[in-house]
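Novice: Provide a 3D model corresponding to the input given below.
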Amino acid sequence: MTEDSSSESVAPHAYSIPAIAAAVVGVSSLFVTSMPFVATLLAIAAIGLSLGARRQLKLTPGARGFSLSLIGFLAAIWVVLTTGVPSLFAAALVASL
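Specialist: I've put the predicted structure just below:
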């Protein structure tokens, strides 16, 4: 019997492209924390990429990249909490004066 080759089949040990992108963008956001606006934008993009990668990994059984998407997600959350949130508080404080 031959297996049905669908368009969503993945070669063994193939990594998810969104998972790789999430890791790269998430770790990149760590290196630009001296520019909080840029770092926060990169972190938000990394969160979106990692959530998309997780969805793709659940739907595609042969794909790999769970750890990469997790690294990107955790790095992005760290950047949002350490640069994005304080920047919002500072902007709100300045606006209230």
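
Novice: what helices or strands is the strand or helix carrying Ala90 leaning on?
Specialist: Assessed by DSSP states H and E, Ala90 sits inside helix 85-96. Judged by 3 or more CB pairs under 8 Å, 6 or more residues apart in numbering; DSSP states H and E, helix 85-96 is in contact with helix 36-59. (Glycine included, C-beta is placed from N, CA and C.)

Novice: The helix it packs on: which residues count as buried?
Specialist: Under the neighbour-count criterion of 16 or more other CB atoms under 10 Å, helix 36-59 has 36, 39-47, 49-50, 52-54, 56-57 buried.

Novice: Give me the residues contacting it.
Specialist: Helix 36-59 has contacts (CB atoms under 8 Å, 6 or more residues apart in numbering) with 8, 16, 18-19, 21-22, 25-26, 28-30, 32-33, 63-66, 68-70, 72-73, 75-77, 79-80, 83-84, 86-87.

Novice: Drop anything exposed from those.
Specialist: The neighbour count (16+ other CB under 10 Å) marks 16, 18-19, 21-22, 25-26, 28-30, 32-33, 63, 65, 68-70, 72-73, 75-77, 79-80, 83-84 as buried among the contacts of helix 36-59.

Novice: show me what contacts Ala22?
Specialist: 46, 49-50, 52-53, 68-69, 71-73, 76.

Novice: Could I get the average pLDDT for the host helix or strand of it?
Specialist: Element membership of Ala22 [criterion: DSSP H and E] is helix 17-31. Across helix 17-31, pLDDT averages out at 96.

Novice: One more: stretch 77-96?
Specialist: The average pLDDT for stretch 77-96 rounds to 90.

Novice: go on, stretch 52-65?
Specialist: For stretch 52-65, mean pLDDT rounds to 91.

Novice: can I get the CA coordinates of that stretch in PDB?
Specialist: What follows is stretch 52-65, C-alpha atoms only, in PDB (Å, rounded to 0.1, in the frame of the first residue of the first chain):
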ATOM      1  CA  GLY A  52       1.600  30.700  14.200                       C
ATOM      2  CA  ALA A  53       4.500  28.200  14.400                       C
ATOM      3  CA  ARG A  54       2.800  26.300  17.300                       C
ATOM      4  CA  ARG A  55      -0.400  26.100  15.200                       C
ATOM      5  CA  GLN A  56       1.600  24.800  12.200                       C
ATOM      6  CA  LEU A  57       3.400  22.300  14.400                       C
ATOM      7  CA  LYS A  58       0.200  20.900  15.700                       C
ATOM      8  CA  LEU A  59      -1.200  20.500  12.200                       C
ATOM      9  CA  THR A  60       1.900  19.000  10.700                       C
ATOM     10  CA  PRO A  61       3.000  15.900  12.500                       C
ATOM     11  CA  GLY A  62       6.500  15.600  10.900                       C
ATOM     12  CA  ALA A  63       7.600  19.100  11.400                       C
ATOM     13  CA  ARG A  64      10.100  20.100  14.200                       C
ATOM     14  CA  GLY A  65      10.700  23.400  15.900                       C
END
